[in-house]
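Colleague: here is a sequence with its predicted model. Questions after.
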Amino acid sequence: MNRYLLSEPTAADGETTRVPIDSRVGIYRRGDGSKAIVAETADEQIDLGVRDATVSRKTNGRPPVALSPISRGISVRNHGSTNPVTLSTNLRTHKLTAGDAAAITDDCRLTIGLSLTLRATVEGGGGRQDGQARSAGVRPAAHARTLANTLRAASDDSVAETRGVINELRTFLQEHPLESSEYEAVCSQVDRIEQRLESKAGGLHRTESLDEEWQSELAVVSDRVENIYARSDR
């Protein structure tokens with residue numbers, strides 16, 4: 001499954017910008033007065049070739065809109081865009097207010113700010129019609145890598161986002177068992193994390209975000225999941 005963010009250039013002689021969504025991609029307006037809209041990955045900042053003063057800038061280092069890979073396609077989260085983020089498909093239109101998230105499983109137009117429209121697309125997923133075939137067609141190692149990247153990104157976002165990814169990861173582990181002590185240890189660790197996250201989301205010590213200790217632990221389990229399935233694929 002391939003996931004992309006695309007922007008259509010405003011200049012007549014411009015080219016479409018295509019950004020792979022292999023890990024979290026943030027979208028925001030630069031704060032240098034240029035009104036330039038950029039997509040930011042862990043490794044680079046990509047100018048999307050469009051300008052819009054109504055798109056929000058970063059707040060405390062966090063982009064207002066973030067796209068992350070998930071097993072079904074792409075997760076879109078509004079972290080605090082001043083204007084709602086609108087997702088439009090052939091079937092419906094859905095608005096995300098601050099803190100909301102939604103999943104994209106096919107082709108979708110994203111309206112950010114008052115008028116900027118980008119596209120997010122999922123290729124090779126097959127949609128609802130072949131959900132089982134989609135899982136079967138992706139090697140477990142590749143699926144594990146996607147989930148590991150998604151968990152790393154979610155740990156920077158919120159408790160709610162992380163709980164969703166941990167639940168996906170637990171399901172993946174159950175559906176792709178390995179005969180190794182490392183696999184059993186990872187399953188136990190994920191179960192413990194899920195229980196602790198439930199307490200953190202609704203208990204006396206309820207919080208919206210995760211601290212550095214939590215992020216470090218989730219990075220470790222992400223690495224372990226990715227590594228054991230990479231080795232099994234050799």
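Modeller: Perfect, I can see it now. Numbering: from 1, shown residues only.

Colleague: quick one: least confident helix or strand in this structure?
Modeller: helix 131-137 (a mean of 40; mean pLDDT, DSSP states H and E).

Colleague: buried sites along the helix or strand that comes right after that helix?
Modeller: Toward the C-terminal end, the helix or strand that comes next after helix 131-137 (DSSP states H and E) is helix 140-155. Residues 140-141, 143-155 are the ones in helix 140-155 that count as buried (16 or more other C-beta atoms under 10 Å). No exception for glycine: its C-beta is placed from N, CA and C like everyone else's.

Colleague: now do stretch 224-234
Modeller: 224, 225, 226, 227, 228, 229, 232.

Colleague: now, the most widely separated pair of these?
Modeller: Using C-beta to C-beta, the two most remote members of the buried residues of stretch 224-234 are 224 and 232, lying 12.7 Å apart.

Colleague: wait, which of the buried residues of helix 140-155 is closest to residue 81?
Modeller: Nearest member of the buried residues of helix 140-155 to residue 81, counting by C-beta to C-beta, is residue 153, at 17.8 Å.

Colleague: what's the closest non-adjacent residue to the closest one?
Modeller: Closest residue in space to residue 153, ignoring its immediate chain neighbours: residue 24 at 3.6 Å, by C-beta to C-beta, 6 or more residues apart in numbering.

Colleague: do residue 176 as well
Modeller: residue 140 (4.6 Å).

Colleague: is the spatially most central residue of the chain within a helix or a strand, and which one?
Modeller: The chain has residue 68 as the residue nearest its centroid, 1.5 Å off, counting by C-alpha atoms, centre = their mean. Assigned by DSSP H and E, residue 68 belongs to strand 65-70.

Colleague: pairing partners for that strand, with directions?
Modeller: Partner strands for strand 65-70, per DSSP bridges, with pairing direction: strand 25-29 (antiparallel), strand 73-78 (antiparallel).

Colleague: got those strands as JSON lines, with mean neighbour count, distance to residue 207 and mean pLDDT columns?
Modeller: Formatted as JSON lines, the strands paired with strand 65-70 follow (neighbours: other C-beta atoms under 10 Å; distance: least, C-beta to C-beta, whole Å; pLDDT from 0 to 100):
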{"stretch": "strand 25-29", "mean neighbour count": "24", "distance to residue 207": "22", "mean pLDDT": "95"}
{"stretch": "strand 73-78", "mean neighbour count": "24", "distance to residue 207": "17", "mean pLDDT": "88"}
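
Colleague: need these in a markdown table (columns: distance to residue 87).
Modeller: Below are these laid out as a markdown table (distance: least, C-beta to C-beta, whole Å):
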| stretch | distance to residue 87 |
| --- | --- |
| strand 25-29 | 13 |
| strand 73-78 | 6 |
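
Colleague: quick one: closest of these to residue 5.
Modeller: Going by C-beta to C-beta, the one of the strands paired with strand 65-70 nearest residue 5 is strand 25-29, 5.9 Å.
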